[in-house]
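[1] take this sequence and fold it.
(one chain, ligands or ions: 1)
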Amino acid sequence: MSTLKSDALVLFGATGDLAHKKLFDTIQALYRRGVLEGPVIGVAKSGMTREQVIDRAREGITTYGRGVDEENFKKFADGFQYVDGDYGDPATFDALKKALGSAQRPIHYLAIPPVLFGRVTKGLKAADCINDDTRVVVEKPFGHDKASAEALNHILHEVLEERQVFRIDHYLGKEATQNVLYTRFANAFFEPVWNRNHISNIQITMAESFGVDGRGAFYDATGCLRDVIENHLMQVVGFLCMEPPFWPDKERVRDEQVKLFRSIRTISPNDFVRGQFEGYQQEPGVAPNSTTETYAAVRVFIDNWRWQGVPIYIRAGKNLPVSATEVRVQFHRPPLVVFPDQQAPMHNYVRFLFSPRIEIALGMQVKIDGERMVGEPMELKVVDQQPDEMTPYERLIGDAIQGDQALFARQDVVEEGWRIVQNILGNAVPVHPYKPGTWGPEEVNDVLLPSGGWHPPRV
Ligand code: BG6
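    Sure thing, here's the model as predicted:
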């Protein structure tokens, strides 16, 4: 795998929402850190001029990003070129080739709908904008089931090798996700207890206190399971449960990921609950009788020696009481009640809060000061920090520019991800209504109740 830095960044979808809200802010930060040195070339069909796209980038960074930093914004603006054209028109790619000038190793970022991937990669190839050192970054969704993921992959592989494809899942770029892996394997004391002998269950909650926020049409065709569980939260399961990877060899990291995914049992409809918040069907872009879920909970089992029989409960949803993502690794109860005044024997746990802050905490029972042998639950916070100084996009695009694929989803991982959920896609189980601001439909407690109950994230 080449580790030579890309020397130009081509942004397809330069006038789109993602570029506006996230990517120009990221580009400015990459210039600041010296990771991006070559020019940025925007491509889109908007009828805008180069100056208008630059103004829009400035506005996006001001409104959604971390504010314009004039010195580095200037680096971007001075080198920026814009190609306005149709992705089906060879002239667009000829103009891009010209704009690339002497750049030898462009990285193409496809911030466009997947239906356009084939058109764009073929156009790039025909105009000689792809060589051995070219990299292509693609955005989720990577298909909507296993067959479509395979078809999409086929399209990309017609002109690119797997080592050139960077599939972005921004959860892998989060400091908190990487911290799970680091904490597990940079310490010796976790490993002996990180298994079925000591862990009773794992809970992952990704709660969002807002609804679909103007993304009704996208969301209605997607639903919660495909939007965040099949990809983001399964990646978290990967880092929580995989065997030790050998970090310097990036392919071996992804080998461990896929090995774990292959051991995950295909989820049964009996281990799945869906909910829809009341009022969802009135959202713009949502079908009036939509059965798309805005809440999903699943129980996952891993059939290997380390995890056999340990249920992993995952729930995610829109319009829940808080915005927070948390993992709670629950240990078995102590085998005996030793102290007569002890309440029901408690679970101990390790808690990883991903957002709104980053925390790693150990939950335990400690004795209350005084004569009697009675205790109370207490937490030891090992890490307590503001979220990512470097945003996930900054981290990941920086890695892609430098040719590092460790934190990008490899095709076999993507296909296993779809295999795991293949029996619960669509209307596999009924969708239950829930009131906005609650923890989802009541039915979840009948079907999927972790021992000790669901724990709301501690925020
Ligand atoms: C996106 C989903 O991929 O992730 C959104 O499409 C979701 O629906 C978002 O809100 C959550 O990301 P984060 O980083 O805010 O947890």
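[2] helix or strand for V383, which one?
    Using DSSP states H and E, V383 maps to strand 375-385.
[3] helices or strands up against that strand?
    With contacts taken as 3 or more CB pairs under 8 Å, 6 or more residues apart in numbering; DSSP states H and E, strand 375-385 sits against strand 358-367. Yep, even glycine has a C-beta here, placed from its N, CA and C like the rest.
[4] now do the strand it packs on, average pLDDT.
    Per-residue pLDDT values over strand 358-367 give a mean of 92.
[5] quick one: contacts for whichever residue of the chain sits closest to the ligand?
    The nearest approach of the chain to the ligand comes at D227, 4.8 Å away (CB to the nearest ligand atom). By CB atoms under 8 Å, 6 or more residues apart in numbering, D227 lies in contact with Y219.
[6] just the pLDDT for it.
    95.
[7] need the three-state assignment for it.
    The three-state label for D227, taken from DSSP: H, G, I helix; E, B strand; the rest coil, comes out as helix.
[8] any idea how far E394 is from it?
    22 Å (CB to CB, to the nearest Å).
[9] cool, Y434 as well?
    Applying CB to CB, the value for Y434 to E394 is 35 Å.
[10] do E70 as well
    Going from E70 to E394 by CB to CB gives 19 Å.
[11] out of these two, which sits in the more crowded spot?
    The neighbour comparison of E70 against E394 (other CB atoms under 10 Å) goes to E394, with 23 against 8.
[12] need the contact list for that one.
    By CB under 8 Å, 6+ apart, E394 lies in contact with T26, A29, L30, R33, G173.
[13] in the residues you listed, find the pair that's most separated.
    Taking CB to CB, the two most distant members of these are R33 and G173; they sit 14.4 Å apart.
[14] count of neighbours near the nearest residue to I202 once chain neighbours are set aside?
    The spatial neighbour of I202 that comes closest, neighbours along the chain excluded (CB to CB, 6 or more residues apart in numbering), is I312 at 4.5 Å. Number of residues near I312 (other CB under 10 Å) recorded here: 25.
[15] who is I312 paired with across the strands?
    Here I312 sits in beta bridges with I202, V300, as judged by DSSP bridges.
[16] related to what we said a few turns ago, partner strands of the strand holding V383, parallel or antiparallel?
    Here strand 375-385 has these sheet partners by DSSP bridges: strand 358-367 (antiparallel).
[17] please point out which parts of the strand it pairs with sit buried.
    Buried residues in strand 358-367, counted by 16 or more other CB atoms under 10 Å: I358, E359, I360, A361, G363, Q365.
[18] please list all residues in contact with the closest residue to the last one other than its chain neighbours.
    When you say that, I think you mean Q365. Nearest non-adjacent residue to Q365, counting by CB to CB, 6+ apart: G375, 4.5 Å away. Neighbour list for G375: F339, Q342, Q365, V366, K367, I368 [criterion: CB under 8 Å, 6+ apart].
[19] make JSON lines out of the buried residues of strand 358-367 and add distance to V429.
    Below are those laid out as JSON lines (distance: CB to CB, whole Å):
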{"residue": "I358", "distance to V429": "34"}
{"residue": "E359", "distance to V429": "33"}
{"residue": "I360", "distance to V429": "34"}
{"residue": "A361", "distance to V429": "34"}
{"residue": "G363", "distance to V429": "32"}
{"residue": "Q365", "distance to V429": "38"}
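[20] out of those, who's nearest F301?
    G363 (24.0 Å).
[21] which one is the closest one nearest to, not counting chain neighbours?
    Using CB to CB, 6+ apart and skipping residues adjacent in sequence, the residue nearest G363 is Y349, 4.3 Å away.
[22] tell me the bridge partners for that neighbour.
    Assigned bridge partners for Y349, using DSSP bridges, are Q330, G363.
[23] up against the ligand, what does this structure have?
    Neighbours of the ligand within the chain, by CB under 6 Å from any ligand atom: E208, D227, V228, T325, S355.
[24] which one (most neighbours) among those residues?
    Among the residues of the chain next to the ligand, T325 has the most neighbours (other CB under 10 Å), with 25 neighbours.
[25] so how far is D169 from that one?
    To D169, T325 is 14 Å away according to CB to CB.
[26] who are the contact partners of G173?
    With contact taken as CB under 8 Å, 6+ apart, G173 is in contact with T391, P392, Y393, E394, R395, L396, D399, L407.
[27] neighbours of the first one, how many?
    Look at T391: counted by other CB under 10 Å, it has 20 neighbours.
[28] surely it meets I27?
    No: checked against CB atoms under 8 Å, the pair T391 and I27 is beyond contact range at 11.7 Å.
[29] in the protein, what spans have low per-residue confidence?
    1-2, 341-346, 388 (pLDDT under 70).
[30] count the neighbours of K435 for me.
    K435, neighbours per other CB under 10 Å, totals 12.
[31] surely it is in contact with E278?
    Yes: the pair K435 / E278 is scored as a contact, 5.7 Å apart, by CB under 8 Å.
[32] residue closest to the middle of the chain?
    Of all residues in the chain, the one closest to the mean position by CA atoms, centre = their mean is Y171, 2.9 Å from it.
[33] next, that residue: phi, psi?
    phi -70, psi -30 (degrees, to the nearest 10).
[34] check contacts around it.
    When contacts are counted by CB under 8 Å, 6+ apart, Y171 is found next to T177, N231, H232, L233, Q235, V236, P392.
[35] again, only this time at 7 Å
    T177, H232, Q235, V236 (CB atoms under 7 Å, 6 or more residues apart in numbering).
[36] biggest separation within the residues you listed, which pair?
    T177 and H232 (8.9 Å).
[37] higher neighbour count, the two?
    Legend: neighbour count by other CB under 10 Å for T177 and H232, higher for T177 (25 against 21).
[38] that older thread, of the contacts of E394, which belong to helices?
    Secondary structure assignment by DSSP state H places T26, A29, L30 of the contacts of E394 in helices.
[39] how much space between the last one and A111?
    Which is L30. From L30 over to A111 (counting by CB to CB), the distance is 15 Å.
[40] just V298 next, same as before
    In terms of CB to CB, V298 sits 29 Å off from A111.
[41] same thing with G38?
    When distance is defined by CB to CB, G38 is 18 Å away from A111.
[42] same deal with K74?
    According to CB to CB, K74 and A111 sit 23 Å apart.
[43] of these two, which one has the most company?
    Between K74 and A111, counting by other CB under 10 Å, A111 is the more crowded of the two (22 against 13).
[44] the more buried one contacts L23, doesn't it?
    Yes: in this structure, A111 is within contact of L23 by CB atoms under 7 Å, at 6.3 Å.
[45] and for these two, which residues touch both?
    Listed contacts common to A111 and L23 are L11; contacts here mean CB under 7 Å, 6+ apart.
[46] list the buried ones in stretch 10-29?
    Neighbour-count burial for stretch 10-29 flags 10-16, 18-20, 22-29 (criterion: 16+ other CB under 10 Å).
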